[in-house]
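Chemist: Everything below, folded, please.
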Amino acid sequence: MRIVIAEDLLLLREGLVRLLTDTGHTVVAAVDTAPALLDAVAEHRPDLSLVDVRLPPGYRDEGLRAALELRAADPLTRVLIVSQYVERAYAADLLADGRGGVGYLLKDRVTALDEFLDAVERVAAGGTAMDPEVVRQLLTRNDRHDGVSALTAREREVLDLMAQGLSNSAICAALFLAPVSVEKHITNIFLKLGLPPADDSNRRVRAVLAYLNQS
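Modeler: Residues are numbered from 1 along each chain as shown. Predicted structure coming up:
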């Protein structure tokens with residue numbers, strides 16, 4: 001896999017380069033500013049971009065806004081945000097375009113190498129990888145949505161895991177539920193949130209992420 005990294009901390013940037021190289025990937029560019037990220041993606045057309053939220057010169061949300069710009073220019077651009085912060089407004093915009101191929105992980109919660117590499121592979125393949133804390137904050141932001149109040153506690157748990165990108169079988173394992181129960185909960189969630197069905201393979205991701213962007 002060909003990867004671009006945008007991270008302003010030198011040690012972390014070089015650590016990511018080493019980690020990804022050692023696990024069989026190719027880092028085609030490692031940059032430290034948002035403009036350099038845009039240039040690197042335009043030049044190399046990577047399979048995935050790993051992006052920090054706060055980059056020079058302002059150290060506010062330059063990386064996330066650059067990721068949005070990349071996705072607007074090419075919806076198939078794969079972006080995995082790895083940050084210390086949850087920028088809710090822009091994060092919702094990034095995650096809720098419904099196309100998949102996006103993720104948002106918090107640095108201080110990435111403690112398992114296998115989980116991080118799984119997130120990298122999942123996002124590059126067009127799926128999603130969302131930190132549970134990011135999901136929690138986005139769901140909290142949207143508690144005013146009428147459909148949320150209609151969800152049972154179990155349905156909210158299922159929705160949370162769906163938004164993280166878990167499959168039905170993974171949700172079964174996490175909540176100790178039978179497959180038929182999980183399928184029933186998911187059906188109820190979509191009905192209560194007023195999310196119509198679709199035939200594409202990203203139906204669950206598209207619907208959940210679209211919901212996360214509602215206010």
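
Chemist: State which helix of this protein is the longest.
Modeler: Counting residues, the longest helix found in the chain (DSSP state H) is helix 179-193.

Chemist: Output the contacting helices and strands for it.
Modeler: helix 146-150, helix 153-163, helix 168-175, helix 203-212 (3 or more Cβ pairs under 8 Å, 6 or more residues apart in numbering; DSSP states H and E). Where C-beta positions appear, they are placed from N, C-alpha and C, glycine not excepted.

Chemist: hang on, C172 packs against P179?
Modeler: Yes. Counting by Cβ atoms under 8 Å, C172 does reach P179; the two are 5.7 Å apart.

Chemist: Can you pick out the residue with more neighbours from these two?
Modeler: C172 (18 against 11; other Cβ atoms under 10 Å).

Chemist: tell me the contacts of the more buried one?
Modeler: Counting by Cβ atoms under 8 Å, 6 or more residues apart in numbering, C172 touches A178, P179, S181, V182.

Chemist: hmm, try it at 6 Å
Modeler: C172 makes contact with P179, V182, according to Cβ atoms under 6 Å, 6 or more residues apart in numbering.

Chemist: Which positions in stretch 22-34 come out as buried?
Modeler: H25, V27, V28, A29, A30, V31, D32, T33, A34 (16 or more other Cβ atoms under 10 Å).

Chemist: ditto for stretch 160-169
Modeler: Per 16+ other Cβ under 10 Å, stretch 160-169 contains these buried residues: D160, L161, M162, A163, Q164, G165, L166, N168.

Chemist: Equivalent analysis for stretch 7-23, please.
Modeler: Those would be E7, D8, R13, L16, V17, L20, for stretch 7-23 by 16+ other Cβ under 10 Å.

Chemist: All set now, cheers.
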